[in-house]
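[1] quick one: sequence plus predicted model below, questions after.
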Amino acid sequence: MDITAGRKTFQNVGKINLLVGKNGAGKSTWLRTLDDQSHELPNLGIVRYVTPERGGVLNYEGGVETNLQNQNWVASVRRQNQASNFRQIAVSEFRRLETLVLRKIERDKPTRENLEITFDTTVATINRLLDNIEIVRSDNAGFVVRNRGATSNRDNITLSSGESELITLAIEILAFAYQSEDHVGKNNYLLLDEPDVHLHPDLQQRLMHLLVNAIEEREIVAFIATHSTPIIGALSDVANTTVGFLTSGTSVIKFHAIEDSLRKVLPIFGAHPLSNVFNSKPILLVEGEDDERIWQQAARTSQGKVNVWPCAAGDKQSLDDYENQVNSIASAIYENAQAYSLRDRDEEPYEIDDKPIVKRMRLHCRAAENLILSDDVLEFLGVDWPSMKTAIEDWLSKFTNHQQFAAMKAFQESGYDRSQSDLKELRNVLMMLAGSQKPWEVAVGQAIAGLLNARMFFGADSLPSYLGSKLVDTLDLKRRSRFPSRTERNT
């Protein structure tokens with residue numbers, strides 16, 4: 001469905017909707033617009049906006065509970081970027097949650113007849129989020145906090161920010177979920193603004209699991225503003241979850257279902273919203289798993305000097321979609337982001353245009369398999385091209401019935417064009433003829449890493465020439481050697 005409020009339009013809204021963007025892009029503004037202009041929303045039940053900076057202490061304060069009766073006061077506090085007594089509100093909200101749960105048990109016969117369901121069941125749901133502490137119901141303060149297994153109470157001031165965040169957010173989500181049951185047949189909106197603040201990635205995932213369980217069978221639409229890839233990753237397999245990428249100045253956000261390409265590239269964008277791993281180790285999109293193994297080996301052998309994080313798209317047709325996903329995510333999360341994409345050349349022109357963030361490249365040779373016969377890889381394998389050519393001639397004379405004979409014969413009839421012949425079927429035969437038992441991807445990856453330290457060949461059949469000048473320059477593979485001039489490459 002589409003939603004419009006305050007001149008802002010949300011298109012293709014799902015059950016859970018992730019709003020991703022850099023700081024200052026306007027994520028909070030978009031969510032507060034839904035809250036402020038909720039009267040414009042169709043078939044509205046209730047709306048709850050949870051502010052990004054949630055201050056205070058997990059203590060019960062009678063004055064806060066009194067103020068909770070004033071809905072204008074509550075709404076005003078929640079809409080602030082920094083709510084100084086948010087956690088005190090959550091403690092009072094816990095008392096309301098208890099009432100809501102007990103009322104459900106009272107009026108819902110199947111729930112009432114299941115004697116294992118009590119309010120302690122809900123408390124246990126919150127406690128499953130926590131490793132070292134637990135909340136325990138209290139007559140005076142709603143709940144107290146204890147170390148797990150202890151009988152004495154903790155001073156809530158000593159709790160970590162993460163522990164306080166988990167408890168308060170869990171209470172907020174669960175209370176809203178139960179409250180929504182009083183608005184059956186309506187659209188109820190839960191607006192979570194950066195719930196990842198102060199939370200370790202593992203705890204972010206636990207909180208998202210609680211959210212999914214709380215709203216999946218209730219008439220609730222959730223919007224989550226975040227730049228946390230763990231949150232996106234935790235929800236990537238949840239049905240009817242969408243993601244929208246926000247840039248400054250837009251008035252329309254189109255949400256998209258999370259597809260395989262997005263699931264695969266997400267982990268590469270860093271395990272924590274404060275991580276800058278994406279900029280320090282740019283993603284390198286490649287066609288398939290063979291290419292991915294080549295560049296994983298190159299990065300590993302070079303001890304990180306080949307500074308990329310390979311990601312296989314599966315095939316050439318999928319690369320364009322992956323590039324678009326990377327463009328969307330990186331522009332919404334990172335400043336000055338960079339990413340790379342590498343295709344086989346096949347029969348295409350060598351030149352290819354870049355996208356805004358993704359630098360796109362093709363190999364200068366036909367495909368990755370042709371790299372095996374470059375001078376640098378052959379030397380790494382302990383042979384040279386004249387001896388390799390002799391071995392091929394001998395093989396052709398002896399194995400006329402081999403299933404790869406026709407492909408090898410075509411290579412011979414091409415004049416042994418090492419760069420542009422189709423060698424995909426011959427890669428294992430070529431490695432055997434070179435006398436190597438290494439997987440070909442490993443050998444090529446190790447030879448690429450060797451460009452940084454070993455003697456580099458020059459000429460049209462050198463490894464740098466096969467990789468292409470754009471790739472060599474981009475990844476700085478000529479760090480200790482001079483890249484051949486165009487004249488040298490053509491000799």
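    Yep, it's here. Numbering: from 1, shown residues only.
[2] show me the contacts for the nearest residue in space to Ile126 that is not next to it in sequence.
    Spatially, and ignoring its direct neighbours in sequence, Ile126 is nearest to Ala170 (4.6 Å; Cβ to Cβ, 6 or more residues apart in numbering). Backbone N, C-alpha and C define where each C-beta goes, glycine included. Counting by Cβ atoms under 8 Å, 6 or more residues apart in numbering, Ala170 touches Thr125, Ile126, Leu129, Leu207, Leu210.
[3] just say helix, strand or coil for the last one.
    I take that to be Leu210. Following DSSP: H, G, I helix; E, B strand; the rest coil, Leu210 is assigned to helix.
[4] ok, and the closest non-adjacent residue to it?
    Once flanking residues are discounted, Leu210 sits nearest to Ala170: 5.9 Å by Cβ to Cβ, 6+ apart.
[5] in a helix, that neighbour, correct?
    Yes. Membership of Ala170 in a helix is supported by three-state DSSP.
[6] following the helix or strand hosting Thr33, which helix or strand shows up next?
    Using DSSP states H and E, the element containing Thr33 is helix 27-36. Proceeding N to C from helix 27-36, the next assigned helix or strand is strand 44-50, under DSSP H and E.
[7] buried set for that next one?
    Gly45, Ile46, Val47, Arg48, Tyr49, Val50 (16 or more other Cβ atoms under 10 Å).
[8] got the angle for it vs helix 27-36?
    Orientation of strand 44-50 against helix 27-36 (axes from the mean of the first three to the mean of the last three Cα atoms, to 10 degrees) gives an angle of 150 degrees.
[9] list the helices and strands strand 44-50 packs on?
    Under the contact criterion of 3 or more Cβ pairs under 8 Å, 6 or more residues apart in numbering; DSSP states H and E, strand 44-50 touches helix 27-36, helix 71-78, helix 161-180, strand 187-193.
[10] which one of these is the most hemmed in?
    The highest mean neighbour count among the helices and strands packed on strand 44-50, using mean count of other Cβ atoms under 10 Å, belongs to strand 187-193: a mean of 25.
[11] residue ranges of the strands in the stretch 351-491 of the chain, please?
    Secondary structure of the stretch 351-491 of the chain (DSSP state E, counting those that start in this stretch): strands at 358-362.
[12] give me the phi and psi for Val221.
    When read as degrees, to the nearest 10, the backbone of Val221 gives phi -110, psi 120.
[13] if we can go back for a sec, centre of the chain versus the helix holding Thr33, how much separation?
    For helix 27-36, the separation from the chain centroid amounts to 24 Å (computed by Cα atoms, centre = their mean, to the nearest Å).
[14] which residues are in contact with Pro356?
    Asn327, Ser331.
[15] look at it and report its pLDDT.
    Pro356 carries a pLDDT score of 90 in this model.
[16] go on, Asn453?
    If you check Asn453, the pLDDT there is 79.
[17] distance of it from Thr301?
    Noted for Asn453: a distance of 10 Å to Thr301, by Cβ to Cβ, to the nearest Å.
[18] settle it for me: which of those two has more neighbours?
    Between Asn453 and Thr301, counted using other Cβ atoms under 10 Å, the more crowded position is Thr301 (19 against 13).
[19] the more buried one reaches Ala443, doesn't it?
    No. Applying Cβ atoms under 8 Å, one finds Thr301 not in contact with Ala443, separated by 10.6 Å.
[20] which one's the longest helix in the protein?
    The residue-count maximum for a helix in the chain (DSSP state H) belongs to helix 86-107.
[21] and it, what's buried?
    So, applying 16+ other Cβ under 10 Å, buried residues of helix 86-107: 86-98, 100-101, 104-105.
[22] how close does Ile253 sit to Asp193?
    Going from Ile253 to Asp193 by Cβ to Cβ gives 15 Å.
[23] and Gly382, by the same measure?
    61 Å.
[24] what does Lys316 give?
    Distance, Lys316 to Asp193, by Cβ to Cβ: 40 Å.
[25] swap in Ser341?
    Distance from Ser341 to Asp193, by Cβ to Cβ: 34 Å.
[26] check Val252 too.
    Separation of Val252 from Asp193 (Cβ to Cβ): 20 Å.
[27] where in this structure is pLDDT low?
    Counting by pLDDT under 70, the ranges of the chain that qualify are 53-87, 141, 263-280, 333-335, 454-456, 479-491.
[28] how about a cut-off of 50?
    Applying pLDDT under 50 to the chain flags the ranges 73, 81-82, 270-278, 480-491.
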